[in-house]
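J.: Have a look at this prediction, sequence included:
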Amino acid sequence: MKSVKRIAAARKKGKRYYPPHKKTPEGPGIIVHIPHSSTDIPEMFLGEFLPEKEELRGELLCMTDWYTDELFSGPGCLAVVHRYSRLVCDPERFLDPEEEMMWQKGMGMYYTRMSDGSRLKRSPFCSREGLRSYGKALQIYRLHHSRLRSAVQYQLSRYGRARLIDGHSFSDTVLPYEPAENHRLCRPDICLGTDPVFTPGALRRAAQEYFAKAGLKVAVNTPFAGTLVPEPFYSQKDKRVQSLMIEVNRSLYMNEKTGEKNASFDEIKDLIHGFLRRAGEDFII
């Protein structure tokens, strides 16, 4: 059985989909945001992690949105991929604890707790090294959002609007950190996350119909809700920006115990790429 470390090393040899920083793309129809696919933890952060190596590998296996950089980086899309593991820095979280409830669980931008609630890192405010680690994570967060903001701004300047697909996956079993109501709900194949301001009804319905027609069970805002829109567009309620989150049940495309792709991986990838093509064509037209 391959270890998570060996799988991650093998993936690093493959093609990455990072857009060149400060360089405009050639004109893709939509932006794909992929925040949780990486397993990379730079050495400078390792001293802050408390679990032993095997336990940390287990947490990476559990919390990483495995292979979403491949599943969602379709032709004709500009894919903005977070370079580091979410255990280092989670770009999907609000920085303000008043806006982000996951800070209360130790899983804000800077994780200090694991998915089961046990300690992942020391408090960043109890040592000079911790503060340095936190400061570096904050720098990574801001750089990632700068890349995403630049992509949205480019689309606005080119088309007068921007469409963003927020690409994720989720475990087929409920994880301890999830809301209590998730334990009472069946897990769908596809979860669509929407926002009342930024998700057009037509886009949400098109996604529901597309995946349902493929024979998949589709739910809206279950087990996870919402979709990302970067600042300043979020605060300004800029309706020129459209966003939809698509979360794929990992059991559809991988073995969740080993981290390996299963026989359906290419089928699921082609299915997602098909929707991205449709979303891009509709957007440009």
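T.: Everything's here; your move.
J.: At which residues are the strands of the chain located?
T.: All strands of the chain, identified by DSSP state E, fall at 30-34, 77-81, 162-170, 190-193, 218-220, 241-249.
J.: Could you report the neighbour count for Glu99?
T.: Glu99 is flanked by 9 other residues according to other CB atoms under 10 Å. For glycine as for every other residue, the C-beta is placed from the backbone atoms N, C-alpha and C.
J.: What's the separation between it and Leu271?
T.: Separation of Glu99 from Leu271 (CB to CB, to the nearest Å) stands at 34 Å.
J.: Quick check: chain neighbours aside, which residue is closest to the spatially most central residue of the chain?
T.: Centroid-nearest residue in the chain, with CA atoms, centre = their mean: Pro35, separated by 3.4 Å. In this structure, Pro35 finds its nearest non-sequential neighbour in His82, 4.6 Å apart by CB to CB, 6 or more residues apart in numbering.
J.: so what's the residue nearest to the centre of the chain up against?
T.: 65, 82, 86, 90-92, 144, 166, 168, 228 (CB atoms under 8 Å, 6 or more residues apart in numbering).
J.: Of these, which is the most crowded?
T.: Counting by other CB under 10 Å, top hit in these: His82 with 26 neighbours.
J.: just how off-centre is stretch 30-39 within its chain?
T.: With CA atoms, centre = their mean, to the nearest Å as the basis, stretch 30-39 stands 5 Å off its chain's centre.
J.: and that stretch, C-alpha only, in PDB?
T.: Output of stretch 30-39 as PDB, limited to C-alpha atoms (Å, rounded to 0.1, in the frame of the first residue of the first chain):
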ATOM      1  CA  ILE A  30     -14.000  31.000 -16.700                       C
ATOM      2  CA  ILE A  31     -11.800  30.900 -13.700                       C
ATOM      3  CA  VAL A  32     -11.400  27.800 -11.600                       C
ATOM      4  CA  HIS A  33     -10.300  28.200  -8.000                       C
ATOM      5  CA  ILE A  34      -8.700  25.100  -6.500                       C
ATOM      6  CA  PRO A  35      -7.700  25.800  -2.800                       C
ATOM      7  CA  HIS A  36      -7.300  22.400  -1.100                       C
ATOM      8  CA  SER A  37      -5.500  20.000  -3.600                       C
ATOM      9  CA  SER A  38      -1.900  20.500  -2.300                       C
ATOM     10  CA  THR A  39      -0.200  18.300   0.300                       C
END
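J.: Sounds good, over and out.
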